[in-house]
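Asks: quick one, what's the 3D model for this:
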Amino acid sequence: MTTDASGPGSRRSIAAQLRVLGVRPGATLLVHAGLRPLGFISGGPQAVVLALRDALGPDGTIVVPTHTPENSDPAQWRNPPVPADWWPLIRSEMPGFDPAVTPSRFMGALAETVRGWPGALRSSHPQVSFAALGPAAEQVVAGHTLADMLGEGSPLARLYDLDADVLLLGVGHSASTSLHLAEYRRPGSPRERIGAAVRTADGGREWVWWQDVRLDADDFAALGEDLEATGAVRTAPVGTGIGRLMRQRAAVDFAVRWLARNRTTEDA
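Replies: This next block holds a predicted model:
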């Protein structure tokens, strides 16, 4: 394993860099993280969570996406696709989403570490849940609606209400889930039928369907470049990588305008 010439990162050094970047004590902070670009950090994702808590202080709240995209209609799977004769079995046997135990396999080690942290709370959506740790956690994750899953009934809208910040840690704007909220706030966004397995009140499971916005992050990198050009994004080194910090309201409001100029309602 190679390390940066400045040596390994640590809880103390990462917290110091987050403060320089502008992480506000007492803030509610939505974090998207890819830890590999940050280089070697003594203590790994646990140390990064501790560093975030140090920078935020006792009144701050960490929020992470704990999405479970595998809990979805297998007819829509592309990477890789599965044979059509598998679809009924997958739909009938996929475990119902349980916020307490269902792992988040695709959101990275930091998100999964926060999810399992003592005191963390998680929203109930079977595909796009969020976990939160801190005083505002319940306010962020409560009442996550099945339909319009990243819209006004979602933790993203609660973060907007709270004037939260967004931290992109070792990842680019393509990973910024908040930009999807702008898709919901844009009239005429394409919609599609979505399915997932949910846990029922009696401890069983069932497959449910709903209509939702067809999410599209393909142009978020370009959107993010234009957002950065406005000066709304602070950047600074974190470990051997780059951290990007912004106010969520500024990013979402900009994205609403940007999508209106750069997408048409006929986009698929």
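
Asks: tell me, how many residues neighbour Trp209?
Replies: A total of 10 residues lie near Trp209 under the criterion other Cβ atoms under 10 Å. Quick note: C-beta positions are derived from backbone N, CA and C, even for glycine.

Asks: in what helix or strand does Val63 lie?
Replies: Using DSSP states H and E, Val63 maps to strand 61-65.

Asks: contacts for that strand, please.
Replies: Residues outside strand 61-65 that contact it (Cβ atoms under 8 Å, 6 or more residues apart in numbering) are 27-33, 49, 52-53, 56, 104, 107, 110-111, 114-115, 128-137, 140, 155, 159, 164, 177.

Asks: list the ones among these that fall in helices.
Replies: Val49, Leu52, Arg53, Leu56, Leu110, Ala111, Val114, Arg115, Ala137, Val140, Pro155, Leu159 (DSSP state H).

Asks: which one is the fifth one nearest to, not counting chain neighbours?
Replies: Translated: Leu110. Excluding the flanking residues, the one nearest Leu110 by Cβ to Cβ, 6 or more residues apart in numbering is Ala33, at 4.1 Å.

Asks: what's the burial count for that neighbour?
Replies: Residues contacting Ala33 under the criterion other Cβ under 10 Å number 28.

Asks: now do the contacts for it.
Replies: Val48, Val64, Gly108, Leu110, Ala111, Leu167, Leu169, Gly170, Val171.

Asks: the first one reaches Val114, doesn't it?
Replies: Looking back up the chat, that one is Val48. No: Val48 is not in contact with Val114 according to Cβ atoms under 8 Å; the separation is 9.7 Å.

Asks: centre-most residue in the chain?
Replies: In the chain, the centroid-proximal residue (Cα atoms, centre = their mean) is Pro65; its distance is 3.2 Å.

Asks: let me know the pLDDT of that one.
Replies: On pLDDT, Pro65 comes in at 98.

Asks: try Glu183
Replies: With respect to pLDDT, Glu183 scores 96.

Asks: now what about the host helix or strand of it, what contacts it?
Replies: Using DSSP H and E, Glu183 sits within helix 178-184. Helix 178-184 is contacted from outside by 30, 148, 150-152, 154, 156-157, 159-160, 166, 173, 189, 213, 215-217, 220, 223-224, 248, 251-252, 255-256, 258-259, using Cβ under 8 Å, 6+ apart.

Asks: where helices are concerned, which of those count?
Replies: Among the contacts of helix 178-184, the ones falling in helices (DSSP H) are 156-157, 159-160, 220, 223-224, 248, 251-252, 255-256, 258-259.

Asks: biggest separation within those residues, which pair?
Replies: Greatest spatial distance in the ones in helices among the contacts of helix 178-184: Ala157 and Gly224, 20.4 Å, computed using Cβ to Cβ.

Asks: more neighbours: which of these two?
Replies: The neighbour comparison of Ala157 against Gly224 (other Cβ under 10 Å) goes to Gly224, with 24 against 21.

Asks: who does the strand holding Val63 pair up with?
Replies: In the sheet, strand 61-65 lines up against strand 28-33 (parallel), strand 130-133 (antiparallel) (DSSP bridges).

Asks: now, of the ones you listed, which is deepest in the fold?
Replies: Greatest average neighbour count among these goes to strand 130-133 (a mean of 28), per mean count of other Cβ atoms under 10 Å.

Asks: and it, C-alpha only, in PDB?
Replies: Extracted in PDB, the C-alpha atoms of strand 130-133 (Å, rounded to 0.1, in the frame of the first residue of the first chain):
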ATOM      1  CA  PHE A 130     -30.900   7.500   4.800                       C
ATOM      2  CA  ALA A 131     -29.300   7.100   8.200                       C
ATOM      3  CA  ALA A 132     -28.600   9.900  10.600                       C
ATOM      4  CA  LEU A 133     -26.600  10.300  13.800                       C
END
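
Asks: so what touches that strand?
Replies: Residues from elsewhere that reach strand 130-133 (Cβ under 8 Å, 6+ apart): 49, 53, 61-66, 104, 111, 114-115, 117, 119-123, 138, 140-141, 144, 154-155.

Asks: please apply the same query to stretch 225-237.
Replies: For stretch 225-237, using Cβ under 8 Å, 6+ apart, the contacting residues are 17, 20-22, 173, 224, 242-247, 250-251, 254-255, 258.
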